[in-house]
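>>> sequence isn't available, so here's the structure alone:
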């Protein structure tokens, strides 16, 4: 199985696993005042993602990264409860919302990958059965942290 890389590896996503992800950076730390120069292309690329699985987390809806009331869910694709892929990366549908609304910074490796692909995703080349989607809600534990935790 090919392990997909999580696009937004933050403590708040997915909400149902937030307590396990407390050691990760916050989505708030990725918010920018201005859009990335390639934001339009990035958003189009995210919208072209291939549906790879359904993630039934009721908290996985567009909401501001700062504490305040939730914004209404857009009826447009992508669905916040679907996970999308390009065969290398995995992201929730709500990722496009955060990029568009809050100019959330994405990994430069992802942007370089998408740009190298011509901002296109060839869904016919993606074998969904050969992909490991567990990185979306998984929590990588550093070996030193795991040893320290086991010694307590």
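Alright, I've got the coordinates. Bear in mind that the values here come from a model prediction, so they are computed numbers and not experimental data.
>>> helices of this structure, start to end?
Assigned by DSSP state H, the chain shows helices spanning 39-47, 94-102, 108-116, 143-150.
>>> what helices and strands are in contact with the first one?
With contacts defined as 3 or more CB pairs under 8 Å, 6 or more residues apart in numbering; DSSP states H and E, the packing partners of helix 39-47 are helix 94-102, helix 108-116. The way it works is simple: take the backbone N, C-alpha and C, and place the C-beta from them, glycine included.
>>> if you compare those helices, which one is most tucked away?
helix 94-102 (a mean of 21; mean count of other CB atoms under 10 Å).
>>> pLDDT on that one, on average?
What helix 94-102 shows for mean pLDDT is 91.
>>> do stretch 43-59 as well
85.
>>> before we move on, what about stretch 135-152?
Stretch 135-152 comes out at a mean pLDDT of 51.
>>> tell me how many other residues crowd residue 134.
Using other CB atoms under 10 Å, residue 134 has 12 other residues around it.
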